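make a model of this:
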Amino acid sequence: MSEPQRPEGATERLPVMEKTPGAGHPPPERAEDGHGPRGRFWSARRVPAGIVALLLLIAAGAFLYDVVAVRAGRSALGWRRELARQLAERPLDDIWVRVGAGVAAALGLWLLVLALTPGLRKVLPMRRRPDVRAGLHRDAASAVLRDRAVEIAGVQSARVRVRRGKVRVRALSHFRELDDVRADLDGVLDDTVRGLGLARPPSVSVSVARPGRKG
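Below is the predicted model of the structure:
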């Protein structure tokens with residue numbers, strides 16, 4: 001028994017397997033649940049780490065070269081002799097000693113802040129799904145809210161500024177009552193913010209004004 005021949009160039013649809021809850025996979029998590037960590041994403045901070053590593057490499061290499069040179073019978077380099085003399089002769093209350101200590105303390109504090117804070121302030125965490133953690137850039141969220149704002153009747157232009165806890169919208173309306181435009185913006189933007197799927201939806205602050213006269 002021969003198989004039926006398909007016309008040349010015809011394509012065959014591949015079977016689609018749907019994952020059903022209970023068949024070896026957990027049921028999909030509802031967007032409203034959003035379990036899991038909701039903090040900011042941690043930045044790799046490659047630039048500060050690279051700068052610190054480069055400076056330490058240069059300093060360690062210079063000292064190692066000078067120590068090896070001294071052990072080989074050569075005299076120490078001038079900069080190391082001068083550094084040792086300055087450290088031995090200058091008192092602790094000297095102005096340059098205080099300045100150097102202050103700079104070292106400030107750099108150390110800066111590195112500690114970088115190590116203990118997450119960074120990536122422009123990425124807003126979204127509600128978690130199983131095995132997936134997503135974030136939304138503030139510029140993308142601002143673009144979505146701005147596009148929704150200018151769709152409101154009477155809105156000529158809008159400026160949107162998204163922060164972690166608050167969204168500030170400044171709109172210009174060239175017709176309609178300002179209170180009516182503001183009410184429409186409040187409703188539409190509140191729904192849009194909730195639809196972004198953020199772990200902590202920010203509050204929306206709307207201000208509406210008339211455009212200034214030209215000339």
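
C-alpha from now on. contacts and neighbour counts both.
OK.

excluding covalently adjacent residues, which one is nearest to the most centrally placed residue in the chain?
In the chain, the C-alpha nearest the mean C-alpha coordinate belongs to residue 120, at 2.4 Å (C-alpha atoms, centre = their mean). Nearest residue to residue 120 in three dimensions, chain neighbours excluded: residue 43, at 5.6 Å (C-alpha to C-alpha, 6 or more residues apart in numbering).

for residue 91, same thing?
Nearest non-adjacent residue to residue 91, counting by C-alpha to C-alpha, 6+ apart: residue 97, 7.9 Å away.

and what about that neighbour, helix, strand or coil?
helix (DSSP: H, G, I helix; E, B strand; the rest coil).

measure it to residue 79 for me?
17 Å (C-alpha to C-alpha, to the nearest Å).

these two: who's more crowded?
The residue with more neighbours, out of residue 97 and residue 79, is residue 97; 15 against 10, by other C-alpha atoms under 10 Å.

which element is the residue nearest to residue 120 on?
Using DSSP states H and E, residue 43 sits in no helix or strand.

can you pull the contacts of it?
Neighbouring residues of residue 43 by C-alpha atoms under 8 Å, 6 or more residues apart in numbering: 118, 119, 120.

filter those residues down to the ones in strands?
With DSSP state E as the criterion, strands contain none of the contacts of residue 43.

could I get those residues as a markdown table with pLDDT?
What follows is the contacts of residue 43, written out as a markdown table (pLDDT from 0 to 100):
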| residue | pLDDT |
| --- | --- |
| 118 | 81 |
| 119 | 78 |
| 120 | 81 |
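
give me the buried positions along the helix ranked longest in the chain.
Assignment by DSSP state H gives helix 46-71 as the longest helix of the chain. Neighbour counts over helix 46-71 (16 or more other C-alpha atoms under 10 Å) mark 66, 67 as buried.
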